[in-house]
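Trainee: When you get a sec, could you give me coordinates for this:
(one chain, ligands or ions: 2)
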Amino acid sequence: MTVFRPRRSALYVPGSNARALAKAGELGTDVVILDLEDAVSPQAKLEARDCIAKQFEKGFGDKEVVIRVNGAETPWGEEDLTFCASVKPDAVLVPKVSNASTIMTLARTLDRLAMPQTTRIWTMVETPLAILNIANIASVAQDPASRLSCLVMGTNDLIKETRVRSIPGRANQLPWLSTSVAAARAYDLAILDGVYNKIDDQEGFAEECQQAVDFGFDGKTLIHPSQIEVANTLFSPSDNEIAYAQALVAFFEQPENADKGVLSFNGQMVERLHLEMARRTLMIARAASRV
Ligand SMILES: CC(C)(COP(=O)(O)OP(=O)(O)OC[C@H]1O[C@@H](n2cnc3c(N)ncnc32)[C@H](O)[C@@H]1OP(=O)(O)O)[C@@H](O)C(=O)NCCC(=O)NCCSC(=O)C[C@H](O)C(=O)O
Ligand SMILES: [Mg+2]
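Mentor: Numbers count the residues shown, from 1 in each chain. Ligands and ions are numbered 1, 2, ... in the order given. Below is the predicted model of the structure:
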């Protein structure tokens, strides 16, 4: 049975920052993404692997631990994967993926390196071609050999590559955000929203998190510890949502409703699909220790 893991908050930690790595395990984030890619300068790439290896010896608490490697076309990509095989993270996050074949090639490399099947592949969605190919990229998850389990939006790179402006409300990014969510759901993948760069703007950050919740994302990638609590709160079901879900489940469980397909509940039509949604809400709440 697959255990549900909450991924409300996924904090990037530069692999070369020993102090931040040490702090990461103590924070309330669901996921830590140890970065060997863009947060680490070319001069610090080797040192970053050493820093991460040292912190693996001490552990990262109960967090899901993901390593973002450099792409296969870079001077560090291959060695990053050999390094991952030595520390065995929960997932390897691969950047700048534009097509499905990159995922399958990586999966074969992880097999060759004898990485346990429990080590999954996460992929960044951050190139214009990835947006155009997103259904195809996500579809590789139908093959268990692909190891693919999560899509991660790279909105900074998307803004750079497409030349859209970074504007409040992200109206110009909504088509690719919602298409990526649809691709994730079509192939039963988790999906995380991109980062919010303005560390001091808590209000803007909360608005963007709420937008991501409304669009169906499972969580948000973060760059600073100050963003964790807001993300955890907004990506958890609210007290009202939990109470509604509990009442709906109890309503369907009443003997007289046991074999009904459609019912009237609190003045609204509800079907069994709403029961499924309520059960999912309660599962997320349980995972987030809210019930
Ligand atoms: C942005 C930062 C460089 C700011 O760092 P700093 O000035 O040190 O912040 P503070 O002084 O406010 O830090 C307070 C304490 O918190 C620790 N800290 C800060 N950030 C992190 C972190 N990410 N993880 C763990 N701990 C962190 C500091 O060490 C301080 O601790 P202490 O000294 O004990 O009090 C910095 O926040 C940072 O580097 N953030 C991550 C940047 C990053 O990883 N960027 C790459 C990923 S984003 C991306 O690439 C998205 C995607 O690919 C795309 O295209 O969109
Ligand atoms: Mg990026």
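
Trainee: okay, CA-based contacts and neighbour counts for the rest of this
Mentor: Noted.

Trainee: Identify the bridge partners of the residue nearest the centre of the chain.
Mentor: With distances taken as CA atoms, centre = their mean, Leu192 lies nearest the centre of the chain, 3.6 Å away. When assigned by DSSP bridges, Leu192 has beta-bridge partners Val152, Gly219.

Trainee: what residues are up against it?
Mentor: By CA atoms under 8 Å, 6 or more residues apart in numbering, Leu192 lies in contact with 7, 150-153, 217-221.

Trainee: residues contacting the residue of the stretch 1-150 of the chain found nearest ligand 2?
Mentor: Nearest residue of the stretch 1-150 of the chain to ligand 2: Glu126, at 6.1 Å (CA to the ion). Contacts for Glu126 (CA under 8 Å, 6+ apart) come out as 95-97, 153-158.

Trainee: Can you name the two of those residues that sit furthest apart?
Mentor: Pairwise distances across the contacts of Glu126 (CA to CA) peak at 14.5 Å, for the pair Val97 and Asn156.

Trainee: And those two? Which one has more around it.
Mentor: Between Val97 and Asn156, Val97 has the larger neighbour count (other CA atoms under 10 Å), namely 20 against 14.

Trainee: just checking, the more buried one touches Thr127?
Mentor: Yes - Val97 is within contact range of Thr127, at 7.1 Å (criterion: CA atoms under 8 Å).

Trainee: What residues does the stretch 1-150 of the chain have near ligand 1?
Mentor: Contact residues (CA under 6 Å from any ligand atom) of the stretch 1-150 of the chain with ligand 1: 12-14, 19-21, 23-24, 38-39, 126.

Trainee: could these be laid out in CSV, adding secondary structure?
Mentor: Formatted as CSV, those follow (DSSP: H, G, I helix; E, B strand; the rest coil):
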residue, secondary structure
Tyr12, strand
Val13, strand
Pro14, strand
Arg19, helix
Ala20, helix
Leu21, helix
Lys23, helix
Ala24, helix
Asp38, coil
Ala39, coil
Glu126, coil
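
Trainee: From those, list the buried ones, please.
Mentor: With burial judged by 16 or more other CA atoms under 10 Å, the buried subset of those is 12-14, 21, 24, 39, 126.

Trainee: and Asp218, what does it touch?
Mentor: So Asp218 contacts 6-8, 190-193, 235 (CA under 8 Å, 6+ apart).

Trainee: Let's have the residues you listed in JSON lines, adding distance to Pro116 and pLDDT.
Mentor: What follows is the contacts of Asp218, written out as JSON lines (distance: CA to CA, whole Å; pLDDT from 0 to 100):
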{"residue": "Pro6", "distance to Pro116": "22", "pLDDT": "95"}
{"residue": "Arg7", "distance to Pro116": "21", "pLDDT": "97"}
{"residue": "Arg8", "distance to Pro116": "25", "pLDDT": "97"}
{"residue": "Ala190", "distance to Pro116": "20", "pLDDT": "98"}
{"residue": "Ile191", "distance to Pro116": "22", "pLDDT": "98"}
{"residue": "Leu192", "distance to Pro116": "24", "pLDDT": "98"}
{"residue": "Asp193", "distance to Pro116": "27", "pLDDT": "98"}
{"residue": "Phe235", "distance to Pro116": "30", "pLDDT": "97"}
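
Trainee: Make TSV out of those residues and add distance to ligand 2.
Mentor: Conversion of those to TSV gives the following (distance: CA to the ion, whole Å):
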residue	distance to ligand 2
Pro6	23
Arg7	19
Arg8	19
Ala190	18
Ile191	15
Leu192	13
Asp193	12
Phe235	23
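
Trainee: Taking those together, which two end up most distant?
Mentor: Maximum distance among the contacts of Asp218 (CA to CA): 14.1 Å, for Pro6 and Asp193.

Trainee: which one of these two has more residues nearby?
Mentor: Per other CA under 10 Å, whichever of Pro6 and Asp193 has more neighbours is Asp193, with 30 against 23.

Trainee: Tell me who's in contact with the closest residue to the more buried one other than its chain neighbours.
Mentor: Nearest residue to Asp193, sequence neighbours excluded (CA to CA, 6 or more residues apart in numbering): Lys220, at 4.6 Å. Going by CA under 8 Å, 6+ apart, Lys220 touches 7-10, 192-195, 209, 212, 231.

Trainee: Show me which of those is closest to Val262.
Mentor: The closest of the contacts of Lys220 to Val262 turns out to be Ala212 (CA to CA; 30.1 Å).

Trainee: what about Pro144, how many neighbours?
Mentor: Around Pro144 there are 11 other residues, counting by other CA under 10 Å.
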